[in-house]
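K.L.:
Provided below are the primary sequence and the corresponding predicted coordinates.
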Amino acid sequence: MPRYFFDINDGRNERDEEGVLCADLQAAVLEAKTLLPAVAADEVPKDGERQALTVLVTDEDGKAVYLAALVYTGTWLIR
């Protein structure tokens with residue numbers, strides 16, 4: 001089974017040094033889609049009302065194969 005790595009960027013880069021064994025690329029994509037909301041649940045925008053979170057999936061050779069992004073945008077309706 002190939003190993004894929006899931007680097008997280010939430011304003012700072014977190015390199016995945018361990019990786020996860022996945023049956024194939026589709027399984028790695030599903031892992032990224034599952035990981036991203038879990039990370040977002042713990043991340044509240046600290047600097048204003050916008051924050052982007054990304055998960056970059058790379059293969060064992062270091063080649064980028066998938067990028068997932070989730071963006072939070074808050075808008076004040078009263079002031």
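P.N.:
Noted; the coordinates are in hand.

K.L.:
Ala40 belongs to a helix, doesn't it?
P.N.:
Yes. Counting by DSSP: H, G, I helix; E, B strand; the rest coil, Ala40 is found in a helix.

K.L.:
Distance check, it against Thr54.
P.N.:
Counting by Cβ to Cβ, to the nearest Å, the gap from Ala40 to Thr54 is 11 Å. In this view, the C-beta of every residue, glycine as well, is placed from N, C-alpha and C.

K.L.:
got any residues that touch both of these two?
P.N.:
Shared contacts of Ala40 and Thr54 (Cβ atoms under 8 Å, 6 or more residues apart in numbering): Leu70.

K.L.:
Okay, strands next: where are they in the protein?
P.N.:
Using DSSP state E, the strands of the chain run over 3-9, 13-14, 20-21, 50-58, 64-73.

K.L.:
Listing partners with orientation, what would you give for the last one?
P.N.:
Same thing as strand 64-73. Partners of strand 64-73 in the sheet, by DSSP bridges, are strand 50-58 (antiparallel).

K.L.:
Buried ones in the partner strand, by neighbour count?
P.N.:
Neighbour counts over strand 50-58 (16 or more other Cβ atoms under 10 Å) mark Gln51, Leu53, Thr54, Val55, Leu56, Val57, Thr58 as buried.
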